[in-house]
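Student: Attaching a predicted model along with its sequence, questions to come.
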Amino acid sequence: MLFSLNNLPYWIFLGMGILLFFFMIISGGGGEDFDIDADVDVDADVDADSNHELGFGQFLGWAGIGKAPLILLLATDLSLWGLLGWMLNVWIGGVSNNIGSFIGSIILFGSLIISLLLGGLIAQPIGKIFAEFGEDVSSDRLIGCIGIVTSAYIPTQNQGRIGQVDVLDAKRNLLTISAVLPDWVTVAPQRGERVLIIEHQAQIYVVIAKDSHDEEYWLTNSSRRD
């Protein structure tokens, strides 16, 4: 049963997943297939006009879409699908000594759903590991990058709070950073809006609203200092 032809699809899925992981390693992260955009924010508490939109957005969030590089998510899902499907095939085949087409279909789609849900959880920490080992350790590399606000809003420095921003670095690895606004800003970016990273302080990044009066003010004063 271990090397039965019934297991061939799962060996193929597992092999494809391993090949994608290998490709990510030799390409230094492989995050170029992922792009942050406010229009594809799939946070579970996203506003939706209908139950259908809300349910679809929740499923995408559970599956990890928008929260990890796409190629990494695909590699994880395929590897899990192959491994789980193969294990279920071997176990059920050993118990019943026969797997019909109906049971085989249940195993195929059941292992797919489990893999999508587990893959979304596993791909995020793996992505952070790839980002840590595949990039320059200098935190200044994010200065000038554009991110998307993922917290409710970004507070100013004098509030004693921090917000969160998803940002792609120069090699397009997805990072989640803690962020605050400088005290002089006039615009407070909300969830889903774009921000520009202008400074790094200890473990916190200073950001301003992208394409705003604050950005013009900062650019003007930066050029004068230079």
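Tutor: Cool, the structure landed. Numbers count the residues shown, from 1 in each chain.
Student: Please make it C-alpha for all contacts and neighbour counts, starting now.
Tutor: Fine.
Student: how far away is S101 from N89?
Tutor: 12 Å (CA to CA, to the nearest Å).
Student: Looking at those two, which is more packed in?
Tutor: Taking neighbours as other CA atoms under 10 Å, S101 and N89 compare with N89 leading, 24 against 9.
Student: is it true that that one touches I106?
Tutor: No. Assessed by CA atoms under 8 Å, N89 is found out of contact with I106, at 10.4 Å.
Student: Near Y205, how many other residues are there?
Tutor: Using other CA under 10 Å, Y205 has 24 other residues around it.
Student: Please apply the same query to the one 5 residues further on.
Tutor: Applying other CA under 10 Å, we find 19 other residues in the vicinity of K210.
Student: Could you confirm A170 falls within a strand?
Tutor: No. Counting by DSSP: H, G, I helix; E, B strand; the rest coil, A170 is not found in a strand; it is coil.
Student: my read: it touches R141, true?
Tutor: Yes. Contact criterion CA under 8 Å: A170 and R141 qualify, at 7.5 Å.
Student: Now do G110 against G120, distance only.
Tutor: Relative to G120, and taking CA to CA, G110 is found at 16 Å.
Student: Show me which of those two is the more surrounded one.
Tutor: G120 (24 against 15).
Student: name the helices or strands packed onto whichever helix or strand that one is part of?
Tutor: Element membership of G120 [criterion: DSSP states H and E] is helix 101-134. Counting by 3 or more CA pairs under 8 Å, 6 or more residues apart in numbering; DSSP states H and E, the packing neighbours recorded for helix 101-134 are helix 51-63, helix 70-96, strand 174-180.
Student: what do you get if the cut-off is 7 Å, keeping everything else the same?
Tutor: helix 51-63, helix 70-96 (3 or more CA pairs under 7 Å, 6 or more residues apart in numbering; DSSP states H and E).
Student: Out of these, point me to the one whose mean pLDDT is lowest.
Tutor: The minimum mean pLDDT among these belongs to helix 51-63 (a mean of 54).
Student: circling back: the helix or strand that the helix holding G120 is followed by pairs with which strands, and in what direction?
Tutor: Under the assignment DSSP H and E, the closest C-terminal helix or strand after helix 101-134 is strand 146-149. Looking at strand 146-149 with DSSP bridges, its partner strands are strand 163-168 (antiparallel), strand 194-201 (antiparallel).
Student: Deepest-packed of those strands, please.
Tutor: With neighbours taken as mean count of other CA atoms under 10 Å, the strands paired with strand 146-149 reach their highest mean count in strand 163-168, at a mean of 23.
Student: what does that strand contact?
Tutor: Contact with strand 163-168 is made by 146-151, 153-155, 174-180, as judged by CA atoms under 7 Å, 6 or more residues apart in numbering.
Student: 8 Å instead?
Tutor: 35-36, 145-155, 174-180 (CA atoms under 8 Å, 6 or more residues apart in numbering).
Student: With stretch 204-215 instead?
Tutor: 146, 177-182, 185-189, 193-200.
Student: Show me which positions of that stretch end up buried.
Tutor: 204-210, 214-215 (16 or more other CA atoms under 10 Å).
Student: With stretch 113-120 instead?
Tutor: Residues 114-120 are the ones in stretch 113-120 that count as buried (16+ other CA under 10 Å).
Student: want to throw those into a markdown table with pLDDT?
Tutor: Formatted as a markdown table, the buried residues of stretch 113-120 follow (pLDDT from 0 to 100):
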| residue | pLDDT |
| --- | --- |
| I114 | 90 |
| S115 | 89 |
| L116 | 85 |
| L117 | 83 |
| L118 | 86 |
| G119 | 83 |
| G120 | 75 |
